[in-house]
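In: 3D, please:
(chains A and B)
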Amino acid sequence: AQSVTQLGSHVSVSEGALVLLRCNYSSSVPPYLFWYVQYPNQGLQLLLKYTTGATLVKGINGFEAEFKKSETSFHLTKPSAHMSDAAEYFCAVSAGYSTLTFGKGTMLLVSP
Amino acid sequence: DAGVIQSPRHEVTEMGQEVTLRCKPISGHNSLFWYRQTMMRGLELLIYFNNNVPIDDSGMPEDRFSAKMPNASFSTLKIQPSEPRDSAVYFCASSLREGSNQPQHFGDGTRLSIL
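Out: The predicted structure follows:
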């Protein structure tokens, strides 16, 4: 079985501030991890993924995430928030023969 | 390149009516997924296909829901009869091939309202 926990349903930051969205996972086998972003009235768009290899993964729009096995975490960060980053972000895990399991999502609010 | 295309984008109908949602996956993708998104339950996988064959339909809520994939470029999700609790956004996604390391590419969804 696998699961994802996203801490905080809403995160608020000021423009230019660090963005940190937290994701912890549970998996009995080595996981593959993904972050998706959803803008209003749109589908989910892949930001980045970790499959194997380097644990620090860089994605689109300046986002990156680090896979930490010891902490079972895959937190998403961006050094400087932009107004256009306001959206809902989903962490997802898959492992073995299973399909993606999504977290509940974190709404990122960016204020000027 | 065209992404996953869903139609209609919005559907409003009365309870008891049949609803058909349509999806065209990305050309060359072999796996197709149907999801439902609600505020209460988040994003739920309903069913997925690989090479046009249904692999796992354990997420389909009840017999009122059915899905087909007659060919590699088209899939439908049908609800008959529809009920107000079916109101949600329904997403279709596709991936290049089956496998847990494969990213999924989502359409823009169909917003369904059952009155």
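In: Pull up the per-residue confidence for the residue in chain B positioned nearest to chain A.
Out: The minimum distance from chain B to chain A, using CB to the nearest CB, falls at B:F106 (3.3 Å). (Glycine included, C-beta is placed from N, CA and C.) Here, the pLDDT recorded for B:F106 equals 95.
In: List the contacts of it.
Out: Applying CB atoms under 8 Å, 6 or more residues apart in numbering or on different chains to B:F106 gives the contacts A:36, A:43-45, B:4, B:91-93.
In: Also A:L33?
Out: A:23, A:25, A:49-50, A:65, A:67, A:74, A:91-93.
In: Contact partners for the closest residue to chain B within chain A?
Out: Of all residues in chain A, A:G43 sits closest to chain B, at 3.3 Å by CB to the nearest CB. Taking CB under 8 Å, 6+ apart as the contact definition, A:G43 lies against B:4, B:91, B:93, B:106-109.
In: Just to check, A:G62 is in contact with A:P79?
Out: Yes - assessed by CB atoms under 8 Å, A:G62 is found in contact with A:P79 at 7.1 Å.
In: More neighbours: these two, which one.
Out: A:G62 (14 against 11; other CB atoms under 10 Å in any protein chain shown).
In: ok, how many other residues are close to the closest residue in space to that one that isn't next to it in sequence?
Out: Spatial nearest neighbour of A:G62, chain neighbours left out: A:K78 (5.2 Å); criterion: CB to CB, 6 or more residues apart in numbering or on different chains. Neighbourhood size, A:K78 [other CB under 10 Å]: 21.
In: now swap in the one 3 residues further on and tell me
Out: When neighbours are counted by other CB under 10 Å, A:A81 registers 22.
In: In contact with it, which residues?
Out: A:13-19, A:108, A:110.
In: Farthest-apart pair in those residues, please.
Out: A:G16 and A:L108 (14.0 Å; CB to CB).
In: out of these two, which sits in the busier spot?
Out: Neighbour totals were compared for A:G16 and A:L108, and A:L108 leads with 21 against 11 (other CB under 10 Å).
In: Need the three-state assignment for that one.
Out: Here A:L108 takes the strand state, with states given by DSSP: H, G, I helix; E, B strand; the rest coil.
In: Would you list the phi and psi of the spatially most central residue of chain B?
Out: Most central in chain B under CA atoms, centre = their mean is B:W34, positioned 3.0 Å from the mean C-alpha point. Dihedral pair for B:W34: phi -120, psi 130, per degrees, to the nearest 10.
In: what about the residue lying closest to it once chain neighbours are set aside, helix or strand, and which?
Out: Among residues not flanking B:W34 along the chain, B:L46 sits closest, at 4.4 Å (CB to CB, 6+ apart). Under the criterion of DSSP states H and E, B:L46 resides in strand B:42-50.
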